[in-house]
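Colleague: quick check, what structure comes out for this input:
(chains A and B)
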Amino acid sequence: MRWIKISLGLAVIGIIGFFTVRELLMDPMYFFELFLGGLTRGSIYALIALGYTMVYGIIQLINFAHGEIYMIGAMTALIVASVLGMWGWNTAVIVILAFVFAIVYSCAYGFTVEKIAYKPLRNAPRLSALISAIGMSLFLQNYVMLAQTPDYLPFKSLIPDFKFWEPFVHIITSVEITIIVTTVIVMILLGLLIKFTRIGKAMRATAQDKVMAALLGINVNNVISATFVVGSATAAIGGVLIACHVGQINFYIGFLAGLKAFIAAVLGGIGSIPGAVLGSLVLGISESYFTGYFYSEYEDVFAFTILVIILIFRPSGILGRHDAQKV
Amino acid sequence: MAIKNQIKQSLIIAFWFMILTFPIMVIKVNTIQNTIYFRWANLLWVGIVTFFASMVWNYFLRRNEAQKKKEIDDDIPLIHRLLQNDRFRRPFLGLLAAFFIAYPFVFPMYHTSIMISALVYVMLGLGLNIVVGLAGLLDLGYVAFYAVGAYAYALLNLHFGLSFWVVLPMSALLGTLFGVMLGYPVLRLRGDYLAIVTLGFGEIIRIVLENWDDFSNGPRGIADIPPPSFFGHYFDQHNTMIYIYFIVIGLVLMTIFFVNRLENSKIGRAWIALRDDEIACQAMGIDKFKTKLTAFALGATWAAMGGVVFAAKTSYINPMSFTIWESITILCVVVIGGMGSAIGVIAGALVLILLPEYLRAVAEYRMLVFGALQVIVMVFKPDGLIKSVRKVYTFNVQEKTIHEQTHT
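Modeller: Numbers count the residues shown, from 1 in each chain, chains lettered A, B, ... in the order given. Predicted structure coming up:
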């Protein structure tokens, strides 16, 4: 078994290496563009995957409604931006307010969803909480569809074309560079939050052992709420950014994006925050190359194939802890 | 005083929801014509509805808590107690049989057709129950095997003219084969890793069916799939529906029989033990991998048979029938019905499939209601509508034999 694995692994690496070198030599510019495209894609995945992985780390729940939170963030930004735009406000103010509203509302939705659908199920079988999450996801999708519209809404990009970025526009647009830079900033802030603040320490403690954390005077319920709020905030940022990038949104965007981000989180090792970022980047970049060089219609098949291959070699994801089963 | 507090709390909640739903419920922008509507009436409705909803919600939550504190030990679901009672059991089963036999003759074809779908879901649910409920493996790609069955019938019929009755057992075997094939590399994974990988397999099969035109006719699907024949004879449309109905009833009965026998067999007990504690199980000498693989393969078998029936009933299939939402629906059937409990799964399938069909009256709200109901059922009944009851083995030393032994 071990030999099969090793030889299979070497074969995969060999094939990938061969293609990479060949394409790099043939058209280095295209190769580089695909890399940047993948980086953008991966950054968006990372922003959403963080919410999944944080929630999973703390209450071991696949938060199916997380994609919907992201969609609501984008939707709120669209509504706020259009209303203010029609009232003729200053563009810079609109951008800031749209982001603020998207984040605040996503947080509020994340908080409320947790209180309604997950908190009463804290001690219930895990699958029940999962079904509750799926129900919440269906509910939120249909709620937005009925209250707004089932059609695609054009989303006017909130991010202007920067003047100073003009020399590089043919390589990477200013929206894309904004996405990458924002993601990096959010990651750093999040890392600082989790490493150094009181609430971050409480989160880590709760993730390790809920009962012990409660015994030491941590209000576990508040910590869980805070986790949902932080996860929703990053998802909202991701939602607004990708809406700017793609240019249109509808009520269903959350589901697919959520699925991809979830794959990324599992790929990196669910529950681990650096894992989620790494998994997202791996997924985004490899997807970008695959669609660039092979078939774009098999993009999702490829994503899942990568997932299966990586999980066969590392059953807990790239950076996941392989914790021994407790008796 | 208590009531005053509750009203205050509900008012706060209603106010919170009014703020929360404000941008989406009240504002409606048309970005093409550059117009904004403010629908203030919606704000009022949200406030009123959430106020009363939160009162009711809190009341039931408190009642649930109070019940939990009482710790009733013998909370065996009513239906199980009734079924154990011999005086009730016979007439009940008789009545049930009479109802299901008379059903297609009494109700119009539309209702028969819906009932067939519901019964197919009973089969699928019972199959998935083996995997999720008994063996504890979360499978989110169950629809893959359903698709395998449906496409097996459609393609074998299209290319080789094989009939329903030939394909049905073949597809069962094919389902098992696929179950083993997909299960083999991934069953080593635990919990949610398994869930996402099975989800992946489900999606892969769907996407391949959608894009591999030469094989599956792509998104156009396959039309004109013949209904099952009765010894070479075909009925008219109405009677075909009735005929399929009885075939499904037969298959469901067979499924129930098999699942029941499996549950209390050696392998069934091994599944349950494996679900409850893997390490203890291995220590008792149960081959973890083989046991899991059997569960996976057997679950797949039923899904494939369900697929054949589905293809025969609708006479047209395309990849859109096999999306991830289908897997999720089947999982909901199992969990909402009551994991591991066959009666629960049957009830779950009937409720979950029939309900949205009859909710068509309020067509656009039905998925909203459906999602909300899923949350509500899970919050108030986390073990599902009908909880599973383990068979209790009692050790009765017959006094007679002891008597005899002491005398001799």
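Colleague: chain neighbours aside, what residue packs nearest to A:Ile312?
Modeller: Spatial nearest neighbour of A:Ile312, excluding adjacent residues (CB to CB, 6 or more residues apart in numbering or on different chains): B:Pro185 at 6.0 Å. For glycine as for every other residue, the C-beta is placed from the backbone atoms N, C-alpha and C.
Colleague: in which helix or strand would I find the one you found?
Modeller: helix B:164-186 (DSSP states H and E).
Colleague: got a list of contacts for that helix?
Modeller: Applying CB atoms under 8 Å, 6 or more residues apart in numbering or on different chains, the external contacts of helix B:164-186 come out as A:308, A:311-312, B:141, B:144-145, B:148-149, B:152-153, B:156-157, B:162, B:194, B:197-198, B:201, B:226-229, B:292-293, B:296-305, B:307-308, B:312.
Colleague: if any of the residues you listed are buried, give me the ChimeraX selection for them.
Modeller: Of the contacts of helix B:164-186, the buried ones go into a single ChimeraX selection, burial set by 16 or more other CB atoms under 10 Å in any protein chain shown:
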select /A:308,311,312 /B:141,144,145,148,149,152,153,156,157,194,197,198,201,227,228,292,293,296,297,298,299,300,301,302,303,304,305,307,308,312
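Colleague: of the contacts of helix B:164-186, which belong to helices?
Modeller: A:308, A:311-312, B:144-145, B:148-149, B:152-153, B:156-157, B:194, B:197-198, B:201, B:292-293, B:296-305, B:307-308, B:312 (DSSP state H).
Colleague: put the alpha carbons of stretch B:287-296 into CSV.
Modeller: The C-alpha trace of stretch B:287-296 is given here as CSV (Å, rounded to 0.1, in the frame of the first residue of the first chain):
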residue,chain,number,x,y,z
ASP,B,287,-13.1,-5.7,10.3
LYS,B,288,-13.7,-2.0,10.3
PHE,B,289,-13.0,-1.4,6.6
LYS,B,290,-15.0,-4.4,5.3
THR,B,291,-18.0,-3.6,7.4
LYS,B,292,-18.1,0.0,6.3
LEU,B,293,-17.7,-1.0,2.7
THR,B,294,-20.6,-3.4,2.9
ALA,B,295,-22.8,-0.6,4.3
PHE,B,296,-21.7,1.7,1.5
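Colleague: so does it get close to chain A?
Modeller: No: Stretch B:287-296 does not reach chain A (CB under 8 Å from any CB of the partner chain); its nearest approach is 11.5 Å.
Colleague: rewinding a little: show me which positions of the helix holding B:Pro185 end up buried.
Modeller: B:164, B:167-168, B:170-172, B:174-176, B:178-179, B:182-183, B:186.
Colleague: name the residue of the stretch 1-150 of chain A that lies nearest to chain B.
Modeller: A:Gly135 (2.7 Å; CB to the nearest CB).
Colleague: just the pLDDT at the closest residue to A:Leu61 other than its chain neighbours, thanks.
Modeller: Distances taken as CB to CB, 6+ apart place A:Ala129 nearest to A:Leu61, at 5.1 Å, with adjacent residues excluded. The per-residue pLDDT reported for A:Ala129 equals 87.
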